[in-house]
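Chemist: missing the sequence, but the structure's below:
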């Protein structure tokens with residue numbers, strides 16, 4: 001008897017042999033005719049209640065749609081409201097606030113770092129422009145441009161700054177491509 005009681009109180013999941021025993025049990029034969037009739041009546045009553053609840057739910061859903069239509073609410077408005085409400089809920093969470101603060105702080109640091117990098121690059125270009133190597137390069141370009149202008153027939157034989165030389169070269173190039181001075185037939189270009 002004690003073994004049977006202990007078996008009923010077991011909380012372990014069913015094993016394979018236990019499932020077979022339950023599946024093969026003949027429950028209807030264990031019930032009296034009166035119990036069977038009561039269960040059948042309860043089953044019919046539950047099915048009727050479920051049908052009634054489905055009908056009530058369907059009627060309430062239709063009424064909900066009617067009210068929303070009268071209020072001018074549609075699916076898109078509902079989605080917007082739900083999204084706004086959800087976004088507000090997210091923004092009020094501690095995790096969001098901490099993440100927002102962290103990213104904001106990181107953004108400020110990144111902005112400062114980029115500013116420092118930009119300043120450093122500008123300074124390096126300035127230093128490079130003032131370096132002897134760049135000055136030497138600038139002088140060579142000026143000499144070459146002046147030489148070319150003299151050979152091509154430019155009017156400005158003087159030096160000038162690097163910017164002036166580049167500007168005048170660009171102007172000379174634009175004139176020649178836009179139909180500037182042409183060579184006479186048979187005249188050769190000498191370099």
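Modeler: Thanks, I have it. Given the structure is predicted, the values throughout are model-derived calculations rather than measurements.
Chemist: center of the chain, which residue is that?
Modeler: Among the residues of the chain, the smallest C-alpha distance to the mean C-alpha position (CA atoms, centre = their mean) belongs to residue 103, namely 15.4 Å.
Chemist: Buried residues of the helix or strand where that residue lies, list them for me.
Modeler: Under DSSP states H and E, the secondary-structure element containing residue 103 is helix 94-129. When neighbours are counted by 16 or more other CB atoms under 10 Å, no buried residue of helix 94-129 is found. Placement of C-beta: from N, CA and C, glycine included.
Chemist: could you give the mean pLDDT of that helix?
Modeler: For helix 94-129, mean pLDDT rounds to 85.
Chemist: Check which element follows it along the chain.
Modeler: Moving toward the C-terminus from helix 94-129, the first helix or strand encountered (DSSP H and E) is helix 132-152.
Chemist: Let me know the angle separating that next one from helix 94-129.
Modeler: Counting by axes from the mean of the first three to the mean of the last three CA atoms, to 10 degrees, helix 132-152 points 60 degrees away from the direction of helix 94-129.
Chemist: who does helix 132-152 touch, helix- and strand-wise?
Modeler: Packing partners of helix 132-152 (3 or more CB pairs under 8 Å, 6 or more residues apart in numbering; DSSP states H and E): helix 162-177.
Chemist: Tell me the helices and strands packed up against the helix it packs on.
Modeler: Contacts defined by 3+ CB pairs under 8 Å, 6+ apart place helix 162-177 against helix 132-152.
Chemist: gap between the helix it packs on and the chain center?
Modeler: Its chain's C-alpha centre and that of helix 132-152 lie 51 Å apart, by CA atoms, centre = their mean, to the nearest Å.
Chemist: got the angle between the helix holding residue 103 and helix 162-177?
Modeler: 90 degrees.
Chemist: from the chain's centre, how far out does helix 94-129 sit?
Modeler: Per CA atoms, centre = their mean, the centroid offset for helix 94-129 relative to its chain is 22 Å.
Chemist: Show the average pLDDT along whichever helix in the chain runs longest.
Modeler: Among the elements of type helix in the chain, defined by DSSP state H, the one spanning the most residues is helix 33-70. In this model, helix 33-70 has a mean pLDDT of 93.
Chemist: what angle sits between the helix or strand that it is followed by and helix 33-70?
Modeler: The helix or strand immediately downstream of helix 33-70 is helix 75-91, counting by DSSP H and E. Orientation check (the same axes, to 10 degrees): helix 75-91 against helix 33-70 gives 100 degrees.
Chemist: contacts for helix 75-91?
Modeler: The set of residues that contact helix 75-91 without belonging to it, under CB atoms under 8 Å, 6 or more residues apart in numbering, is 68, 96-97.
Chemist: same for the longest helix of the chain, what does it pack against?
Modeler: For helix 33-70, there is no helix or strand it packs on, judged by 3+ CB pairs under 8 Å, 6+ apart.
Chemist: chain center to that helix, what's the gap?
Modeler: Counting by CA atoms, centre = their mean, helix 33-70 comes out at 46 Å from the chain centroid.
Chemist: repeat for stretch 122-140
Modeler: Relative to its parent chain, stretch 122-140 has a centroid offset of 43 Å by CA atoms, centre = their mean.
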